[in-house]
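> here is a sequence with its predicted model. Questions after.
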There are 2 protein chains.
Amino acid sequence: MTEMKDKPLSRFLDELAGKQATPGGGSAAALMGAQAAALVSMVCNLTIGKPKYAEVEAELVALLGESERLRGALTGMIKSDIEVFDQLMACYAMPKASDEEKAARNAQIQAALRVATDVPLDCAKACAKVVTLSRVAAEKGNLGVISDAGVAVMAAYAGLKSAALNVQINAGALKDRAFADTKLAELNEVLGGAEEEASAVYRIVQSKL
Amino acid sequence: MTEMKDKPLSRFLDELAGKQATPGGGSAAALMGAQAAALVSMVCNLTIGKPKYAEVEAELVALLGESERLRGALTGMIKSDIEVFDQLMACYAMPKASDEEKAARNAQIQAALRVATDVPLDCAKACAKVVTLSRVAAEKGNLGVISDAGVAVMAAYAGLKSAALNVQINAGALKDRAFADTKLAELNEVLGGAEEEASAVYRIVQSKL
């Protein structure tokens, strides 16, 4: 089967819109994060090597390394989200006629829900990092492509808020409340200040247009 | 040449990250809008036909028609943004040795800037409409996929704010201030209230998780 990242954009959009549960919002969140990281990389690539920006070159080379690492991770999460959601659906479809079947099904569902909490949490964390990277791109990048840093921060923030919804749903369905509360606390830490930071980066970009 | 929408996701992301000026933030904005519209469609497709949601079926059938229309328009804008930006770059590369050449170059640049203002403005308008549609999806859609309405509104809002940057840059470079001011006024009308509306829709989704 062709992996989602290897399918044409239009095909991804068709499948996103369709009656199948996957790909869904989780994959869209990962793709928004990957687009954001790609745009930070673009700003770096169009700044590095320009004499006018020689002073920030070393910093943007390091930024590019980080944005490309996150782009790779977020692109991989497009697929992870599909896998974890399909796995969860398979667990819900398990037989539940006898008490043994019910117990086995519940155990599998709870195991799948842990993974289904961790995957979007990783996506949220990666998107939050891209928000941080976009500030450097907005502050130091080539003025000719500075708007791309503004698009990057909006995409990263949207990816973060989107992934957060999936963490909240799946953590909410977990019976292991200690595990769930730990994950929700991690999510809240990631969300804390992100809106203000995203708005601040967007304003930096607007002030340079 | 393969149209962008027919290229694999990973290839689009590679080109977005790369040293070429296109695809850039404008295409990313259109893709975010298209993802948002696709997710509204997904919520509709997973609600229509379910007996539990029979009461809202007619409304969601109409919503689906509108979201699919906007998805088509926004998917087309991925390409339009590349074309208009490449055209603008070609104008800037025109010879400017003589006064005649300078005059011809300036006239071409100004003509291209008009199109380069209109294209992202159309994208911003379409994204703002998807924000509105996502409210209906959040209010009326199948609770099992309600988080996808939340991802839709974040993606649409990010697309709107991203497209707005390109309208502002290109309108700012226009010599025809009457034209530019008309376009900026249209943009401000589209932006007005969008942040509050996007937050409100996101809160509706969170209240239903």
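Sure thing, it's come through.
> contacts, neighbours, all on C-alpha from now
OK.
> residue A:139 and residue A:204 touch, don't they?
Yes. Between residue A:139 and residue A:204 there is a contact at 7.2 Å, judged by CA atoms under 8 Å.
> what about these two, which has more around it?
Ranked by neighbour count (other CA atoms under 10 Å in any protein chain shown), residue A:139 and residue A:204 place residue A:204 first, with 18 against 15.
> not counting sequence-adjacent ones, nearest residue to the more buried one?
residue A:138 (6.6 Å; CA to CA, 6 or more residues apart in numbering or on different chains).
> show me what contacts the one you found?
The contact partners of residue A:138, by CA atoms under 8 Å, 6 or more residues apart in numbering or on different chains, come to A:146, A:149, A:150, A:201, A:204, A:205.
> residue A:197: which element?
helix A:194-208 (DSSP states H and E).
> which secondary structure elements does that helix contact?
Packed against helix A:194-208 by the contact rule (3 or more CA pairs under 8 Å, 6 or more residues apart in numbering or on different chains; DSSP states H and E) you find helix A:99-140, helix A:146-172.
> what about 10 Å?
On a contact count with 3 or more CA pairs under 10 Å, 6 or more residues apart in numbering or on different chains; DSSP states H and E, helix A:194-208 meets helix A:99-140, helix A:146-172, helix B:146-172.
> now do the shared contacts for residue A:139 and residue A:204.
Counting by CA atoms under 10 Å, 6 or more residues apart in numbering or on different chains, the shared contacts of residue A:139 and residue A:204 are A:146, A:149.
> just the CA coordinates of stretch A:159-170, formatted as CSV?
Taking Å, rounded to 0.1, in the frame of the first residue of the first chain, the C-alpha atoms of stretch A:159-170 are listed here in CSV:
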residue,chain,number,x,y,z
GLY,A,159,-0.9,22.0,14.0
LEU,A,160,-0.4,22.4,17.8
LYS,A,161,-4.0,23.3,18.6
SER,A,162,-5.2,20.5,16.3
ALA,A,163,-3.0,17.8,17.8
ALA,A,164,-4.1,19.0,21.2
LEU,A,165,-7.7,18.0,20.5
ASN,A,166,-6.7,14.4,19.8
VAL,A,167,-4.6,14.2,22.9
GLN,A,168,-7.6,15.4,24.9
ILE,A,169,-10.0,13.0,23.4
ASN,A,170,-7.9,9.9,23.8
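> now that stretch: how far from the chain's centre is it?
With CA atoms, centre = their mean, to the nearest Å as the basis, stretch A:159-170 stands 9 Å off its chain's centre.
> near chain B, anything from that stretch?
Yes. Residues of stretch A:159-170 are located near chain B by CA under 10 Å from any CA of the partner chain, namely A:159, A:160, A:161, A:162, A:163, A:164, A:165, A:166, A:168, A:169, A:170.
> give me the pLDDT value at the residue nearest to the fourth one when sequence neighbours are not counted.
The spatial neighbour of residue A:162 that comes closest, neighbours along the chain excluded (CA to CA, 6+ apart), is residue B:151 at 4.8 Å. Per-residue confidence (pLDDT) for residue B:151: 98.
> before we move on, back to that, dump the helices and strands packed on helix A:194-208 into CSV; add distance to residue B:121 as well.
Formatted as CSV, the helices and strands packed on helix A:194-208 follow (distance: least, CA to CA, whole Å):
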stretch, distance to residue B:121
helix A:99-140, 23
helix A:146-172, 15
helix B:146-172, 6
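> how far does the helix holding residue A:197 sit from the chain's center?
19 Å.
> between it and helix A:146-172, what angle do the directions make?
Here the directions of helix A:194-208 and helix A:146-172 differ by 170 degrees (axes from the mean of the first three to the mean of the last three CA atoms, to 10 degrees).
> and helix A:194-208, what's buried?
Using 16 or more other CA atoms under 10 Å in any protein chain shown as the test for burial, helix A:194-208 gives A:194, A:197, A:198, A:201, A:202, A:204, A:205, A:206.
> need the contact partners of the helix or strand containing residue A:188.
Per DSSP H and E: residue A:188 is located in helix A:177-191. Applying CA under 10 Å, 6+ apart, the external contacts of helix A:177-191 come out as A:113-114, A:117-118, A:120-122, A:124-129, A:157, A:160-161, A:163-164, A:167-168, A:170-174, A:192, A:194.
> buried only: go through those for me.
A:113-114, A:117-118, A:120-122, A:124-129, A:157, A:160-161, A:163-164, A:167-168, A:170-172, A:174, A:194.
> circling back to that earlier point, return the member of the residues of stretch A:159-170 next to chain B nearest to chain B.
The nearest member of these to chain B, counting by CA to the nearest CA, is residue A:162 at 4.8 Å.
> run a quick neighbour tally on the closest one.
As a burial measure, residue A:162 scores 32 neighbours (other CA under 10 Å).
> wait, doesn't it sit right on residue B:147?
Yes. Using CA atoms under 10 Å, residue A:162 is in contact with residue B:147, at 8.1 Å.
> got any residues that touch both of the two?
In contact with both residue A:162 and residue B:147: A:25, A:26, B:202, using CA under 10 Å, 6+ apart.
> what's near enough to touch the nearest residue to the last one once chain neighbours are set aside?
The reference is to residue B:202. Distances taken as CA to CA, 6+ apart place residue B:150 nearest to residue B:202, at 5.3 Å, with adjacent residues excluded. Residue B:150 is in contact with A:25, A:158, A:161-163, A:165, B:36, B:39-40, B:131, B:134-135, B:137-138, B:198-199, B:201-206, counting by CA under 10 Å, 6+ apart.
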